[in-house]
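*Asks:* I would like to see how this sequence folds:
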Amino acid sequence: MLQIAGKIESLTGKSIANALDREVGQVLGPDAVSLAAAALKMPMNEPQYLGKLRAPADTAKPLDLTASISGGVLVVKVEPTGPDEEAAAQVLSGLRRAVAQLEAAPNLRDLLQIAAEQVRLLTGFDRVMIYRSPAARRYAVFDP
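*Replies:* This next block holds a predicted model:
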């Protein structure tokens with residue numbers, strides 16, 4: 001760890017001085033190493049949500065990890081979160097993924113199918129219907 005900011009001691013039980021120049025696993029534990037290793041395999045055009053882990057100093061405190069590349073260095077951001085809260089970075093990551101898939105759709109039918117699937121993933125809804133509303137106000141449900 002090359003740089004640390006924030007309340008590292010309350011999350012890890014280590015002071016900044018004891019955490020600097022240590023391996024990620026020595027400060028945040030083996031789960032953080034796995035998440036950081038996965039980050040190195042991701043395209044890093046935008047910050048990416050890596051996942052959740054428990055604070056080493058207090059396992060009742062969940063943490064969200066996000067990663068980005070800055071100056072050729074992997075930057076891992078660790079933030080406390082609630083047990084059931086979805087991190088803003090996680091939501092943004094899902095939205096970016098959805099937009100990328102929508103942009104890659106080769107035709108209208110695929111675009112609508114991807115839109116329905118992505119809305120289901122993002123919202124957790126069981127059913128999503130895409131309506132088409134022509135000028136005559138006759139609504140039609142898209143049916144793949």
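*Asks:* which other helices and strands contact the host helix or strand of residue 33?
*Replies:* For residue 33, the host element (DSSP states H and E) is helix 30-39. Helix 30-39 sits against helix 24-28, strand 48-55, strand 58-70, strand 73-80, with contacts defined as 3 or more Cβ pairs under 8 Å, 6 or more residues apart in numbering; DSSP states H and E. Heads up, the C-betas are built off the backbone N, CA and C, glycines and all.
*Asks:* in it, what counts as buried?
*Replies:* 31, 32, 35, 36, 39 (16 or more other Cβ atoms under 10 Å).
*Asks:* list just the nearest of those to residue 72.
*Replies:* Of all the buried residues of helix 30-39, residue 72 sits closest to residue 39, with 14.0 Å by Cβ to Cβ.
*Asks:* now that closest one: how far from residue 7?
*Replies:* 23 Å (Cβ to Cβ, to the nearest Å).
*Asks:* this protein - how does it break down into domains?
*Replies:* Domain ranges of the chain: 8-83, 91-141, per automatic domain parsing.
*Asks:* and the first one, what's its mean pLDDT?
*Replies:* In this model, domain 8-83 carries a mean pLDDT of 83.
*Asks:* could you do the last one as well?
*Replies:* Averaging the model's pLDDT scores along domain 91-141 yields 82.
*Asks:* which element is residue 118 on?
*Replies:* Residue 118 is part of helix 108-123, with elements assigned from DSSP H and E.
*Asks:* give the buried residues for that helix.
*Replies:* Residues of helix 108-123 classed as buried: 111, 112, 114, 115, 116, 118 (neighbour count, 16+ other Cβ under 10 Å).
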